[in-house]
Each structure stands twice: as C-alpha cells, then as structure tokens.
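Colleague: Give me a 3D structure for the following:
(one chain, ligands or ions: 1)
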Amino acid sequence: MAIERTFSILKPDATARNLTGAINALIEKAGLRIVAQKRIRMTREQAETFYAVHKARPFFGELVDFMISGPVVVQVLEGEGAILKYRDIMGATDPSKAADGTIRKLHAKSVGENSVHGSDATETAAVEIAQFFSGNEIVG
Ligand SMILES: Nc1ncnc2c1ncn2[C@@H]1O[C@H](COP(=O)(O)OP(=O)(O)OP(=O)(O)O)[C@@H](O)[C@H]1O
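Modeller: Numbering: from 1, shown residues only. Sure, this is the predicted structure:
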C-alpha cells in the first residue's frame, strides 16, 4: 500500500483532559508518524470552513461551538494507508459503538465530544492539511 498523509485533530475534550500524549502513543503504536503538529485555538471561521460539509446538519452549531471551546492539536500523520489506518484506530464516531482498543472507545465522552478527527479520503486529506499547514511545516 502507498505511503499517504492524513489530517488529524485532537479535539478540545482531549486537550482538556491532558490526553495528547496518550492519543499520540496510540497513533505511533499503530505505525503512523506524526510529521507535523501544532496546538492552536481554532477561530469560529476556521471551524465553520472545516466542517462546511455539515452545515445543514442539526448539530452544526453545537459542533462549531465545541471545536472552538478550547485548544486543539492539529496534526499530519504519515504512513502506509494512513487514511484508513487512522480511521480504524479512531473507532466509530459514537464511542458506544466503537471497537475495543480504539481511541474513541478508550477516551471519547460522547458522539459530539469524540476526542479525534481523521480525514475520510485522499482529496479531503489534502484540503484539510492545506487549511492548517504550509508545506515547510511538514517534515517527513
Ligand atoms: N449526532 C451528533 N451530535 C453531535 N455531534 C455530532 C453528531 N454526529 C456527528 N457529530 C460531530 O460531527 C463530527 C463529524 O461527523 P461525521 O459524521 O463526519 O463523523 P466522523 O467522520 O466520524 O468524524 P470526523 O469528521 O470528526 O472525523 C463528529 O466527529 C462529531 O464530533
């Protein structure tokens, strides 16, 4: 399988509970390399742009409010089949449905406050990475 890059966010519920290191350990244990990482506070505009695809969903306002409620850690992860591999170790969106050992099963609080985001496809990964990182911030 090809070496890919995916975009990851450690969400405010994860930073609030000091879980950055615990989640990064799971990411690295799965063979993914953290090739870029920064802790930021998303602006409302950034969060609205990032989740624009969900604009019509009833939880959109709640989702944006949550994403700007505290610091997040944005990351670029690299590895073989990184996009699917990360989705796999994240687990299902709803932590009560997530498989044992996944990040969301271990750490997520609810379907909304679910600790992590990971890109779902090659094209979205490229767009999401470009929203938060310039090329020289990614060191493979
Ligand atoms: N019913 C809901 N109530 C509140 N928030 C929700 C709900 N469904 C989804 N969300 C939030 O919106 C995000 C995006 O939803 P989506 O269905 O794309 O899930 P996902 O692909 O697993 O998550 P992500 O895009 O963050 O990786 C979820 O991660 C979650 O934070």
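Colleague: Quick check: Phe39 vs Ala99, distance?
Modeller: Not Phe; residue 39 is Arg. Distance of Arg39 to Ala99, given as CB to CB, to the nearest Å: 28 Å. (C-beta placed from N, C-alpha, C; glycine too.)
Colleague: Please apply the same query to Lys109.
Modeller: From Lys109 across to Ala99, the span is 17 Å (CB to CB).
Colleague: Could you check which of the two has the larger neighbour count?
Modeller: Each of Lys109 and Ala99 has its neighbours counted (other CB atoms under 10 Å); Lys109 has more, 15 against 11.
Colleague: Assign the more buried one to helix, strand or coil.
Modeller: With DSSP: H, G, I helix; E, B strand; the rest coil as the basis, Lys109 sits in coil.
Colleague: So Thr93: helix, strand or coil?
Modeller: Strictly by three-state DSSP, Thr93 counts as coil.
Colleague: That one and Glu113 touch, don't they?
Modeller: No. Here Thr93 does not reach Glu113: they are 11.4 Å apart, not a contact under CB atoms under 8 Å.
Colleague: Give me the more crowded residue out of the two.
Modeller: Taking neighbours as other CB under 10 Å, Thr93 and Glu113 compare with Glu113 leading, 16 against 13.
Colleague: Quickly note the distance from the more buried one to Thr49.
Modeller: In terms of CB to CB, Glu113 sits 21 Å off from Thr49.
Colleague: Equivalent analysis for Glu128, please.
Modeller: Distance, Glu128 to Thr49, by CB to CB: 10 Å.
Colleague: Neighbour count: the two, which is higher?
Modeller: Glu128 (21 against 12).
Colleague: In space, what's closest to the more buried one - neighbours in sequence excluded?
Modeller: Phe7 (3.8 Å; CB to CB, 6 or more residues apart in numbering).
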